[in-house]
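Trainee: sequence isn't available, so here's the structure alone:
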């Protein structure tokens, strides 16, 4: 959908032209999975799949949440009433942001907000953070206000916790707010410190492979793993597994005081934090060979120790490992389906994509949607 198309559809749906248009991207995480809520490091990048919100003021105190597709659920928020959760699941992400803005005393009145998204839902590319962040941007633009980007991320994270029921870490919202062209973002999930890391895609391509297996992080699997990590940390006598050392991991694995699941989760988290630190070092040297090995190691750990992969994700990584020019591959996102990423030499990208598509279709009898992406800009005002 072009910008002109968005304006036209908005006017068709509301009878007026939009006063503003904002956008926020989805993301892929290059490495550092399930480390954010354990206080570790993550290395995501914003992508060119995004959510766009066109908005205009109303004369009342009603927020109309208008989906682009006519068969999607249209819903409203009455600002004269307490903002609470609803049965319309997608609207809860928006409601959480609106509630958060009220707590920050951001002035609001009625608005029509139309949502257009190119981030595949349930694909592990953080469509929820793009939805939350684009809503926050629209509200702030309408109010003529700004907010610190990391503060916005924290507000949107709380919205997801309290209104969508997903106890996510800060990574998704932070990269949607803070992404920059040509860079990944090293985020310290304890201090909030951010470091831009160059990610040069001039001679390589990052392929995003969507299994079309939908995942729901609020169905219990995500929360169970988080609880297992916190339980293990408590037994270790540390606040978060970020503080655990490699020697302590060995002691945990040898101890009878931990469940088998706790041992596996500790081994993944501590190992993944170190892989992320190592990844930054090799990317700063533009060493994609070393980075690719870390990607494969990350996937194996997520598959075996964290148990959040699936046969479709494993198959993509398996195929990629046989393709000429592939540096590395891994699942990305919370898991239980969604996407894998493949880093491949640019000259070999088309052949790699074709092989993954063909073998995936032959194995699972449905298509794997693949697109190339590169580091993109975070949330911004379009006009």
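Mentor: Here it is on my side, so go on. A quick note: this is a predicted structure, and the numbers were derived from the prediction, not measured.

Trainee: low-scoring stretches of the stretch 51-200 of the chain, by residue?
Mentor: 70-72 (pLDDT under 70).

Trainee: and the strands in it?
Mentor: Secondary structure of the stretch 51-200 of the chain (DSSP state E, counting those that start in this stretch): strands at 62-67, 75-78, 111-117, 183-188, 194-198.

Trainee: now the second one: buried residues?
Mentor: Neighbour counts using 16 or more other CB atoms under 10 Å place 75, 77 of strand 75-78 among the buried residues. Bear in mind the C-beta positions are built from the backbone N, C-alpha and C, glycine included.

Trainee: nearest to residue 141, out of the strands of the stretch 51-200 of the chain?
Mentor: For residue 141, the closest of these is strand 111-117, at 10.3 Å, according to CB to CB.

Trainee: sheet-wise, list the partners of that closest one with their directions.
Mentor: Counting by DSSP bridges, the strands paired with strand 111-117 are strand 41-57 (antiparallel), strand 62-67 (parallel).

Trainee: could you dump these to CSV with mean neighbour count and distance to residue 140?
Mentor: Output for these, formatted as CSV (neighbours: other CB atoms under 10 Å; distance: least, CB to CB, whole Å):
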stretch, mean neighbour count, distance to residue 140
strand 41-57, 25, 11
strand 62-67, 20, 14
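
Trainee: closest to residue 359 out of the ones you listed?
Mentor: Of the strands paired with strand 111-117, nearest to residue 359 by CB to CB is strand 41-57, at 24.4 Å.

Trainee: now that closest one and strand 183-188, what's the angle there?
Mentor: Computed by axes from the mean of the first three to the mean of the last three CA atoms, to 10 degrees, the angle separating strand 41-57 from strand 183-188 equals 110 degrees.

Trainee: how about low-confidence regions in the stretch 201-350 of the chain?
Mentor: Looking at the stretch 201-350 of the chain by pLDDT under 70, you get 215-219.

Trainee: which ones are touching residue 374?
Mentor: Contacts for residue 374 (CB atoms under 8 Å, 6 or more residues apart in numbering) come out as 47, 48, 182, 199, 201, 206.

Trainee: and it, how close does it get to residue 81?
Mentor: Per CB to CB, to the nearest Å, residue 374 is found 44 Å from residue 81.

Trainee: also residue 312?
Mentor: Distance from residue 312 to residue 81, by CB to CB: 43 Å.

Trainee: neighbour count: the two, which is higher?
Mentor: Ranked by neighbour count (other CB atoms under 10 Å), residue 312 and residue 81 place residue 312 first, with 21 against 8.

Trainee: hang on, that one packs against residue 213?
Mentor: Yes - shown here, residue 312 and residue 213 form a contact pair, counting by CB atoms under 8 Å, at 5.3 Å.

Trainee: which neighbours do those two have in common?
Mentor: Counting by CB under 8 Å, 6+ apart, the contacts common to residue 312 and residue 213 are residue 337.

Trainee: next up, phi/psi of residue 29, please.
Mentor: Main-chain dihedrals, residue 29, degrees, to the nearest 10: phi -100, psi 120.

Trainee: right, and it touches residue 44 too?
Mentor: Yes - if you go by CB under 8 Å, residue 29 and residue 44 touch, sitting 4.4 Å apart.

Trainee: that older thread, reformat the strands of the stretch 51-200 of the chain as TSV; add distance to residue 2.
Mentor: Compiled in TSV, the strands of the stretch 51-200 of the chain are given as follows (distance: least, CB to CB, whole Å):
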stretch	distance to residue 2
strand 62-67	18
strand 75-78	26
strand 111-117	11
strand 183-188	27
strand 194-198	30
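
Trainee: hmm, who's touching stretch 298-312?
Mentor: 31, 33-34, 211, 213, 221, 225, 264-265, 267-269, 271-272, 275, 313-314, 317, 329-331, 334-337, 340, 360, 364, 368.

Trainee: as a markdown table, the strands paired with strand 111-117 with distance to residue 294 would be great.
Mentor: Formatted as a markdown table, the strands paired with strand 111-117 follow (distance: least, CB to CB, whole Å):
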| stretch | distance to residue 294 |
| --- | --- |
| strand 41-57 | 10 |
| strand 62-67 | 39 |
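
Trainee: picking that back up, nearest to residue 54, of the strands of the stretch 51-200 of the chain?
Mentor: Closest approach to residue 54 among the strands of the stretch 51-200 of the chain is made by strand 111-117 (4.8 Å; CB to CB).

Trainee: so which bits of that closest one are buried?
Mentor: Using 16+ other CB under 10 Å as the test for burial, strand 111-117 gives 111, 112, 113, 114, 115, 116, 117.

Trainee: who's in contact with the first one?
Mentor: Remark: with contacts taken as CB under 8 Å, 6+ apart, residue 111 is in contact with 55, 56, 57, 58, 63, 64, 138, 139, 142.

Trainee: now with 6 Å?
Mentor: By CB atoms under 6 Å, 6 or more residues apart in numbering, the residues touching residue 111 are 55, 57, 63.

Trainee: the fourth one now?
Mentor: Applying CB under 6 Å, 6+ apart, one finds that residue 114 lies in contact with 10, 54, 66.

Trainee: make JSON lines from these and add distance to residue 282 to it.
Mentor: Output for those, formatted as JSON lines (distance: CB to CB, whole Å):
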{"residue": "10", "distance to residue 282": "45"}
{"residue": "54", "distance to residue 282": "42"}
{"residue": "66", "distance to residue 282": "45"}
